[in-house]
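>>> sequence unknown, structure follows:
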């Protein structure tokens, strides 16, 4: 979501994508596009996402941008520039959800995905080209799948290096693809203003202008030593390299997730502790399953409570040891909830999150004297296997089976085979693990 | 009420009685310490929180007999800070004045008639040597749970069988068991009591300096209670209710491998190696012929290793423990050597004290410790 726009230099480029193994995929007007998913009647109109009062524009549709509105602009100014725009409050949970879907599409191509933010990522397709076609074909698949699955538009830049790919995606917008062929990288770059280079902000740009350096070509043809003197050793040399299209930085996939969580906004505000407990259980099951699927274990359980008046609190507890068990998550979440002593306060949203993640292989477990050789650990792993075969939710706690159809649950029922064929939802119940004879 | 008492006698007595004061009294009078001065020259201090009662008698120069109820915490703080001079205590209307040297304190009183009657000390069941009692309780209480959500495991189980008492405690990760001799009033006595570990530790520490501690137990009645008395101090406690898990069966019947290691050398090595172990990460012990290797830390974290001499009988073995749990057990042994007995790396290990390298272990104390399973 770069605020700057440049004269398009990509128009005359060939479509040769050989040797262009880095993709930069960037959603078009991400927040605004997500808001339009559920408001199709607003398509084609100027729409601004942002809060009220003193907040700033978080995202704007291209229709609004035509009036001069851009991200980070104060809302008041944006409203004056584009008084006909529809203003929508941001829903960050929804953006995160769509973002997850988008990143999943990227990761289905290759694990070498480096997210830069919720809506953009670098993708290294050097491995994927062997099985999935040329970089351009991969980009087309990614754009189609995101349009299909997430119903938003995505632009992709394809180049030999990260920063050129990022420049290319900016020029490809909206809803386009731009290949900067390896051999034409320098030509492409040299037509751009100096400010286009990565790391050149307003201050650096000003310093360059004092040297009479306005375009990337100017920088490229300035001796490195001059740049070093003007900008400092490291950034001077770096800028010179960039101006010649040299950017050795690899795509570093984000492997370690910081936390795994889930939350549920109730369709109507809820004050029934039983319903809240069941929801915490359902979220715990989901978070634990995702944690196990990622091969991780976590130690800090966080609950999030949003009251009917939108005030939000979180409470956390760090466990004696790492876990990936829904049972432990739920017991902890419930204890945290109980300690709030809410006395039937009306809740709008509850969330469960597991933090302090590490690889399960690094974990350890202090066994108990009364531990069964086959316990909850094994039970929950068995549920994972059943879910893999019969669909999520095929086996779940009995208290969730009786739940009056929440929409998501209903969807899961539909995905699972019908109960008539003997594969319907099973109930699992196990004895209390600390049960004594 | 008016009496004079020695400062040290008062401070010790108040400190003892104040042990049983509840931190959050369910009714205000329970925050009070009951002072009773009688004409035969005895000052009696009592406290009670419906579960534990404490009473102590000290000699005093009683001028006027009487009773008063004052804030126990305040009296404890005051008596602890008094200079070493005789202390005069006098009731004055609804107040109690405490004078010592040139210092004078005035305390508010609470209504004595609202104070509950302290439970009657059960009839004596027998006596136990103070030092042995203190040591035994210390060895076992380390394994008791501090998790109030499992009240049964916060207790120490006392099994009396003839002239032997067995103390047991577990927090589900380790189990400590100590057998000690005592002198029962009735040689055929057989009874069981579950006493809160915190209470028993406090009592054992406070009474342990006495040569003999009298134990009094009533079980099977409406109120199940245990009492302890020594040197003018007595305390009673309700028993913890509930069925204690059948833990004795957890001690393995057979031993596949055992090792003998110097207790101090192993303790020091575990402490050093555990410096790199983050909270709750294990130390790994590898026993080979003549050598025990300890390691902690893994992967990209800091790591440490150290080796200590050890005698191994049986197959070589590698096993991991929570370092603090291991140190707790080692610290409770009171013996130059520790015998570590194993069956499998995923089954509990037994620590027992041993003195003679050529002899056998002392079976009066056992510390059963569940290992840590590494990876996954």
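Thanks, I have the structure now. Quick caveat, the model's predicted, so the values are computed rather than measured. Numbering: from 1, shown residues only, chains lettered A, B, ... in the order given.
>>> OK, contacts around residue A:353?
Neighbour list for residue A:353: A:259-262, A:287, A:301-304 [criterion: Cβ atoms under 8 Å, 6 or more residues apart in numbering or on different chains]. Glycine gets a C-beta too; all of them are placed from N, C-alpha and C.
>>> And the buried ones among these, selectable in ChimeraX?
To isolate the buried ones among the contacts of residue A:353 in ChimeraX, judged by 16 or more other Cβ atoms under 10 Å in any protein chain shown, type:
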select /A:260,261,262,287,301,302,303,304
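>>> Give me the subset of the contacts of residue A:353 lying in strands.
A:259-262, A:301-304 (DSSP state E).
>>> Could you list which of the residues you listed also contact chain B?
Filtering the ones in strands among the contacts of residue A:353 for proximity to chain B by Cβ under 8 Å from any Cβ of the partner chain leaves nothing.
>>> got CSV for those residues, with distance to residue A:223 and pLDDT too?
As requested, the ones in strands among the contacts of residue A:353 are exported to CSV (distance: Cβ to Cβ, whole Å; pLDDT from 0 to 100):
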residue, distance to residue A:223, pLDDT
A:259, 48, 85
A:260, 51, 87
A:261, 52, 87
A:262, 56, 85
A:301, 58, 95
A:302, 54, 94
A:303, 60, 95
A:304, 56, 93
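>>> what stretches of chain B score poorly on pLDDT?
Flagging of chain B using pLDDT under 70 yields the residue ranges B:279, B:299-300, B:375-376.
>>> need the contact list for the residue nearest the centre of it.
Nearest residue to the geometric centre of chain B (Cα atoms, centre = their mean): residue B:201, 1.7 Å. With contact set as Cβ under 8 Å, 6+ apart, residue B:201 has these partners: B:137-138, B:141.
>>> Out of those residues, which comes closest to chain A?
The closest of those to chain A turns out to be residue B:141 (Cβ to the nearest Cβ; 17.3 Å).
>>> before we move on, back to that, which members of the contacts of residue B:201 occur in helices, if any?
Counting by DSSP state H, these place B:137-138, B:141 in helices.
>>> Could you identify which of those has the most neighbours?
The most crowded member of the ones in helices among the contacts of residue B:201, judged by other Cβ atoms under 10 Å in any protein chain shown, is residue B:137 (25 neighbours).
>>> do you know how far that residue is from residue B:194?
Distance of residue B:137 to residue B:194, given as Cβ to Cβ, to the nearest Å: 14 Å.
>>> any common contacting residues for those two?
Common neighbours of residue B:137 and residue B:194 (criterion: Cβ under 8 Å, 6+ apart): residue B:156.
>>> So, low pLDDT: which residues of chain A?
A:1-12, A:52-54, A:254-257, A:362-363, A:372-374, A:388, A:391-394, A:402-437.
>>> Could you pull up the residues touching the closest residue to chain A within the stretch 151-300 of chain B?
Residue nearest to chain A within the stretch 151-300 of chain B (Cβ to the nearest Cβ): residue B:172, separated by 4.3 Å. Contacts of residue B:172 were listed using Cβ under 8 Å, 6+ apart, and they are A:368-370, A:434, B:145, B:150, B:153, B:370.
>>> what does residue A:33 give?
Contacts for residue A:33 (Cβ under 8 Å, 6+ apart) come out as A:27, A:59, A:61, A:152-153.
>>> Can you give me the buried ones in stretch A:196-204?
By neighbour count with 16+ other Cβ under 10 Å, stretch A:196-204 contains the buried residues A:196-197, A:200, A:204.
>>> Mind putting the contacts of residue B:172 into JSON lines with secondary structure?
Putting those into JSON lines (DSSP: H, G, I helix; E, B strand; the rest coil) gives the following:
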{"residue": "A:368", "secondary structure": "coil"}
{"residue": "A:369", "secondary structure": "coil"}
{"residue": "A:370", "secondary structure": "coil"}
{"residue": "A:434", "secondary structure": "coil"}
{"residue": "B:145", "secondary structure": "coil"}
{"residue": "B:150", "secondary structure": "coil"}
{"residue": "B:153", "secondary structure": "helix"}
{"residue": "B:370", "secondary structure": "coil"}
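>>> Buried subset of those residues as a PyMOL selection?
Burial among the contacts of residue B:172 is assessed by 16+ other Cβ under 10 Å; the matching PyMOL selection reads:
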select buried, (chain A and resi 368+369+370) or (chain B and resi 145+153+370)
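>>> got JSON lines for the contacts of residue B:172, with distance to residue B:234 too?
JSON lines is the format used below for the contacts of residue B:172 (distance: Cβ to Cβ, whole Å):
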{"residue": "A:368", "distance to residue B:234": "37"}
{"residue": "A:369", "distance to residue B:234": "35"}
{"residue": "A:370", "distance to residue B:234": "37"}
{"residue": "A:434", "distance to residue B:234": "36"}
{"residue": "B:145", "distance to residue B:234": "27"}
{"residue": "B:150", "distance to residue B:234": "29"}
{"residue": "B:153", "distance to residue B:234": "27"}
{"residue": "B:370", "distance to residue B:234": "38"}
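>>> Looking at the contacts of residue B:172, which is nearest residue B:80?
Minimum distance to residue B:80 across the contacts of residue B:172 is 31.5 Å, recorded for residue B:145 (Cβ to Cβ).
>>> Around residue 231, how many other residues sit close by?
All of this is about chain A. Other residues near residue A:231 come to 22 when the count uses other Cβ under 10 Å.
>>> ah, I was thinking of chain B
A count of neighbours around residue B:231, defined by other Cβ under 10 Å, yields 16.
>>> What of residue B:131?
Neighbours of residue B:131 using other Cβ under 10 Å come to 13.
>>> Kindly report the same for residue B:88.
Counted by other Cβ under 10 Å, the residues lying close to residue B:88 total 16.
>>> how much space between it and residue B:60?
Residue B:88 is 10 Å from residue B:60, where distance means Cβ to Cβ.
>>> what sits in contact with each of the two?
Both residue B:88 and residue B:60 are contacted by B:3-4, under the criterion Cβ under 8 Å, 6+ apart.
>>> Thank you, goodbye.
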